[in-house]
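**Student:** Give me a 3D structure for the following:
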Amino acid sequence: MARSGSWRRGFGLAVALALAWAGTGALETEAQTRLTFSHHIPTTHILHAAAERFAGAVQQKTGGQVVVEIRPASQLFNLRTSAEALQLGTLDLAWTDLGSLANWYPPLGFTAMPFLFTDFDHAYRVLYGPVGEQVRREVRERLGVEILSLGVSGFRVFVTKRPVRSAADVQGIKLRVPEIPVYVEMARALGTNPTPIPAGEIYTALQTGVVDGMEAPADFVESTKLFEVARHVTRTYHIMTEVSLMASAKRLSALPAAQQQAIKDAAVEVVQGWYKAENMKVQEAAWQTLTQKMQANPSPDVASFQAKMGPVIDAFVAKVGPKGREYIEAVRAVK
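**Tutor:** Take a look at the predicted model:
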């Protein structure tokens with residue numbers, strides 16, 4: 001009997017341990033952190049591929065403890081509302097930009113100033129140097145948003161029906177621009193007749209003469225086949241399009257320190273590594289395609305354009321205050 005009682009006690013202990021182990025496993029599964037990554041971009045775009053790589057890197061670096069669930073193509077939020085949701089803590093991660101955050105902290109709109117960034121290398125030196133660190137700090141403190149990594153999408157080019165060698169060559173033309181104040185102000189400062197029309201109407205507007213030219217990133221010009229209705233393309237690098245991987249600081253800070261670091265490391269690895277290299281290939285390939293299908297000018301007199309941007313810069317500073325000029329001067333100081 002003693003032996004039987006001992007066996008029963010041993011069996012009972014084994015069952016208890018098994019149940020305890022099973023319970024622990026259930027708790028670990030339930031404790032797995034799931035983060036929602038919303039963006040406004042189609043799944044065919046390189047930024048979606050970068051989001052997928054980021055999600056994979058986070059899962060690998062956290063040993064599966066953090067899972068990033070991607071909701072693309074504005075399923076949850078668009079560009080502006082995602083920036084707002086990050087601040088409210090109702091969204092974990094997003095591709096968004098400083099221009100969108102400028103709705104809440106206007107000096108961040110400096111990134112859209114025309115002819116401020118000279119080329120990709122200059123943009124990277126700014127974003128990944130002291131200026132970028134200052135931006136990240138102020139965005140965290142003022143808006144509660146953690147910029148995991150700043151990034152560059154591309155630069156815009158001019159597409160026209162006549163050659164453009166300097167700013168004098170665009171004077172008087174009807175130029176399609178987006179319905180964004182700084183673009184309209186830039187067009188007006190160049191002496192063009194700014195004509196804001198929806199993107200879907202650009203092809204017909206060029207074809208029928210409603211406008212004489214437009215400006216957009218090279219890959220947009222290629223994908224919409226605007227080379228069929230306009231003969232000339234000019235690589236002016238007039239406005240840099242920034243796109244960055246951001247997180248809710250509130251949501252991020254609630255995670256264990258090791259997981260926070262893993263997420264930050266994954267963002268830098270993907271955005272400043274893989275995406276930066278691949279996006280450069282995409283942008284250059286688009287430009288090369290345009291050079292084959294259009295009369296291309298890769299090196300216009302950019303200084304003549306820059307010389308006309310004083311009123312645009314002054315209007316921006318008057319609107320947002322001295323902090324806006326501080327950012328602009330800091331960018332110009334980076335060589």
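**Student:** State the mean pLDDT of stretch 282-298.
**Tutor:** Averaging pLDDT along stretch 282-298 gives 97.
**Student:** Distance of residue 152 relative to residue 329?
**Tutor:** 20 Å (C-beta to C-beta, to the nearest Å). Every residue, glycine included, has its C-beta placed from N, CA and C.
**Student:** again with residue 223
**Tutor:** In terms of C-beta to C-beta, residue 223 sits 36 Å off from residue 329.
**Student:** Return the biggest strand by length in the chain as CSV; C-alpha atoms alone will do.
**Tutor:** Longest strand in the chain, counting residues (DSSP state E): strand 152-160. The C-alpha trace of strand 152-160 is given here as CSV (Å, rounded to 0.1, in the frame of the first residue of the first chain):
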residue,chain,number,x,y,z
VAL,A,152,13.9,58.8,-49.3
SER,A,153,11.5,57.8,-52.0
GLY,A,154,12.7,59.9,-54.9
PHE,A,155,13.1,63.3,-56.6
ARG,A,156,10.7,65.0,-59.0
VAL,A,157,11.4,65.8,-62.7
PHE,A,158,9.9,68.2,-65.2
VAL,A,159,8.0,66.9,-68.2
THR,A,160,7.4,69.5,-70.9
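**Student:** Would you map the strands across this structure?
**Tutor:** 33-38, 66-71, 93-96, 145-149, 152-160, 174-177, 193-196, 213-217, 232-234, 240-242, 244-248, 295-297.
**Student:** Which of the ones you listed sits closest to residue 285?
**Tutor:** strand 152-160 (11.7 Å; C-beta to C-beta).
**Student:** where in the chain is pLDDT low?
**Tutor:** 1-30 (pLDDT under 70).
**Student:** most centrally placed residue in it?
**Tutor:** Taking C-alpha atoms, centre = their mean as the criterion, residue 243 is the residue nearest the geometric centre of the chain, at 1.0 Å.
**Student:** can you list contacts of stretch 97-111?
**Tutor:** 79-80, 82-84, 87, 112, 116, 135, 138-139, 142-143, 145, 150, 182, 240-244, 316, 319-321, 323-324, 326-328, 331 (C-beta atoms under 8 Å, 6 or more residues apart in numbering).
**Student:** rewinding a little: surely the residue nearest to the centre of the chain is in contact with residue 94?
**Tutor:** No: Residue 243 is not in contact with residue 94 according to C-beta atoms under 8 Å; the separation is 10.3 Å.
**Student:** what number of residues lie near the residue nearest to residue 127 when sequence neighbours are not counted?
**Tutor:** In space, and not counting its chain neighbours, residue 127 is closest to residue 150: 4.1 Å by C-beta to C-beta, 6 or more residues apart in numbering. Neighbourhood size, residue 150 [other C-beta atoms under 10 Å]: 26.
**Student:** ok, now which ones touch residue 150?
**Tutor:** Residue 150 sits in contact with 98, 127-128, 132, 135-136, 242, 244, 271, where contact means C-beta under 8 Å, 6+ apart.
**Student:** Residue 89 now?
**Tutor:** So residue 89 contacts 144, 248, 250-251 (C-beta under 8 Å, 6+ apart).
**Student:** how close does it sit to residue 238?
**Tutor:** 36 Å.
**Student:** ditto for residue 300
**Tutor:** 10 Å.
**Student:** Looking at these two, which one has more neighbours?
**Tutor:** Set residue 300 next to residue 238 and count neighbours by other C-beta under 10 Å: residue 238 wins out with 23 against 20.
**Student:** Which residue is the nearest non-sequential neighbour of the more buried one?
**Tutor:** For residue 238, the spatially nearest residue (C-beta to C-beta, 6+ apart) is residue 114, at 5.0 Å.
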